[in-house]
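Enquirer: I need the structure of the sequence given here:
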Amino acid sequence: MDFDGVAALKSDPAAVFVGMVPRLISGWIRRAETIVVMDADVKMEIEGKAPRILIVRLSAIGDCVLTVPLVHALRERIPGAHVSWIVDERSAPLLDGLPGLDELLVIPRRWHRSISSMLRIRRALLQRKFDITLDPQSLTKSGLISLLSGAPKRFCFARPVGRELGPWFGNVRIRPTQQHVVNQALQFMEFLGLQLPSSVKFELPQYPGNDAVLKFASVATGSADNFTIINVGAGWPSKYWSADRFAQVARYLGEHKSMASIVVWHGAERDMAVEVVAQSGGHAHLAPATNLQELATLSRAAYLFIGADTGPLHLASAVGTRCVGLYGPTDPAHCGPYGAKHRTVQPDSSVRLVRMRQTKANIWMQRISVDQVIAACQELLQDADAVAPCSVPLHGLKPSHARCAATASHIGHPPFAKGINP
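Expert: Predicted structure coming up:
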């Protein structure tokens, strides 16, 4: 233990001990857990039955979007099943009204910090008598929700895909053989004894009542659908590209393709968005503040979307917009925009991709050149009539028919919480 550790131990030994517990438990689990691999004798046979299934994907926005095809796959293969999804309130607006879901269960963002909230969640989940939980997140919080559900079969991913204490809370741990997040989630189908779906479908709701953002786009760009969205934001500092480079791309599209750009932003990203607009030579326009449903509506109307590996990129991909994804610290083979109608741009191939979060610099993103991004845009603009549709065929099986659309039920909130209808 270094000097700082000794000083901390002397000043607050209880806090140091509590901080060490998760690491000690996690290390013990890595040594003790057995990993279930794909084997016929561990697969369930539920085709033709009507199980009650809970999908546990609490956040983030992009990961929630990439889990949507699992809902449609389950509905296609077991139309009689009751399929619910539990999510935290930040991502819930995207899933409210999702075809194929019977119920959307919305929990508070900080539910795990309140014993009373956890007890309310457990009570609500036990009342629903789930048979199976599917946890594509496979982290501590999602695993705890699976455990609280009381479901006899709790599917999750084994390490290294499953992390933290997530694999410990599941009792059927699988090792995915696919690389992309979407395909990994669909592998739950195989362990349920089901065929893969005929195609990968996103089919997000239409989100009515967002005409104002479409009117803004039409007035600002002079077109209802021939414009580009540039998203300057990112979830990690290591994923940011620079404002001047986005501006150069917007200027190119305006001068050479007669295509205006709308720059979207969230929260503190507004200053960067303003900078892009200011340097674009009049070819980019600042979007108003948008919520998730408005962003989805705007993206659905756009011809092209440019942004880093973050939620809005995957949202645009899911609603069928051609996307150019900028990938520095993450691997597009794992989490790129799904389908053949998109392009991803990476640093030079000699650069080793690594996971870098809040504390790291964005050196890999800065190795992506303006010319690379413009070239990717040119490919999509030239091949617009030849690219694949949003649904990506897997097998020659008959298509699915979603029969229901979820409405949100709030659980885990304090009684009489403002704006909450349980």
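
Enquirer: Okay, now the unreliable bits of the chain?
Expert: Applying pLDDT under 70 to the chain picks out residues 1-48, 349-361, 384-406, 416-422.

Enquirer: what's the single longest strand in it?
Expert: In the chain, assigned by DSSP state E, the strand with the most residues is strand 82-88.

Enquirer: Listing partners with orientation, what would you give for that strand?
Expert: strand 52-56 (parallel), strand 103-107 (parallel) (DSSP bridges).

Enquirer: ranking these by burial, who's on top?
Expert: strand 52-56 (a mean of 25; mean count of other CB atoms under 10 Å). The C-beta positions use only the backbone N, C-alpha and C, and glycine is treated the same way.

Enquirer: How far off centre is it?
Expert: Taking the mean C-alpha point of strand 52-56 and that of its whole chain, the gap between them comes to 17 Å (CA atoms, centre = their mean, to the nearest Å).

Enquirer: Sort out which residues of the helix or strand that that strand is followed by are buried, please.
Expert: Proceeding N to C from strand 52-56, the next assigned helix or strand is helix 61-77, under DSSP states H and E. By neighbour count on 16 or more other CB atoms under 10 Å, the buried set for helix 61-77 is 61-77.

Enquirer: for stretch 112-130, same thing?
Expert: Buried residues in stretch 112-130, defined by neighbour count with 16+ other CB under 10 Å: 112, 117-118, 120-122, 124-125, 128, 130.

Enquirer: which residues sit against that stretch?
Expert: By CB atoms under 8 Å, 6 or more residues apart in numbering, the surrounding residues in contact with stretch 112-130 are 52-54, 84, 86, 103, 105, 107-108, 110-111, 141, 144-145, 148-151, 411-414.

Enquirer: let's see 7 Å
Expert: Applying CB atoms under 7 Å, 6 or more residues apart in numbering, the external contacts of stretch 112-130 come out as 52-54, 84, 107-108, 111, 141, 144, 148-151, 411-412.

Enquirer: Show me how far it is from its chain's centre.
Expert: Mean-position distance between stretch 112-130 and its chain equals 24 Å (CA atoms, centre = their mean).

Enquirer: what's the answer for stretch 84-97, then?
Expert: Taking CA atoms, centre = their mean, the mean C-alpha location of stretch 84-97 is offset from the chain mean by 12 Å.

Enquirer: Grab the CA positions of that stretch and hand them over as PDB.
Expert: As requested, C-alpha coordinates have been extracted for stretch 84-97 and formatted as PDB (Å, rounded to 0.1, in the frame of the first residue of the first chain):
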ATOM      1  CA  SER A  84     -41.400  -6.800 -20.600                       C
ATOM      2  CA  TRP A  85     -38.400  -4.500 -20.500                       C
ATOM      3  CA  ILE A  86     -37.100  -2.700 -17.400                       C
ATOM      4  CA  VAL A  87     -35.200   0.500 -18.000                       C
ATOM      5  CA  ASP A  88     -34.200   3.600 -16.100                       C
ATOM      6  CA  GLU A  89     -36.100   6.800 -16.700                       C
ATOM      7  CA  ARG A  90     -33.400   8.400 -18.900                       C
ATOM      8  CA  SER A  91     -33.800   6.000 -21.800                       C
ATOM      9  CA  ALA A  92     -37.500   5.200 -21.300                       C
ATOM     10  CA  PRO A  93     -38.900   7.700 -23.800                       C
ATOM     11  CA  LEU A  94     -37.300   5.900 -26.700                       C
ATOM     12  CA  LEU A  95     -39.000   2.600 -25.700                       C
ATOM     13  CA  ASP A  96     -42.500   3.900 -24.800                       C
ATOM     14  CA  GLY A  97     -44.800   2.500 -27.400                       C
END
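
Enquirer: Just the buried ones from the contacts of stretch 112-130?
Expert: In terms of neighbour count (16+ other CB under 10 Å), the buried residues within the contacts of stretch 112-130 are 52-54, 84, 107-108, 111, 141, 144, 148-149, 151, 411-412.

Enquirer: if we can go back for a sec, as TSV, the strands paired with strand 82-88 with distance to Ser280 would be great.
Expert: Written out in TSV, the entries for these read as follows (distance: least, CB to CB, whole Å):
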stretch	distance to Ser280
strand 52-56	41
strand 103-107	38
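
Enquirer: tell me which residues form a beta bridge with the nearest residue to Pro69 once chain neighbours are set aside?
Expert: With sequence-adjacent residues excluded and distances taken as CB to CB, 6 or more residues apart in numbering, Pro69 is closest to Val200, at 4.8 Å. Beta-bridge pairing of Val200, defined through DSSP bridges, involves Val392.

Enquirer: Let me know whether Val200 touches Val182 as I believe.
Expert: Yes: the criterion here is CB atoms under 7 Å, and Val200 meets it with Val182 at 6.3 Å.

Enquirer: thinking again about what came up before, looking at the buried residues of stretch 112-130, which one is closest to Gln248?
Expert: Closest approach between those and Gln248, by CB to CB: His112, at 43.3 Å.

Enquirer: backbone phi and psi for that closest one, please?
Expert: phi -70, psi -10 (degrees, to the nearest 10).

Enquirer: Next, count neighbours for the residue nearest to Pro69.
Expert: The local packing count at Val200 equals 22, with neighbours defined by other CB atoms under 10 Å.
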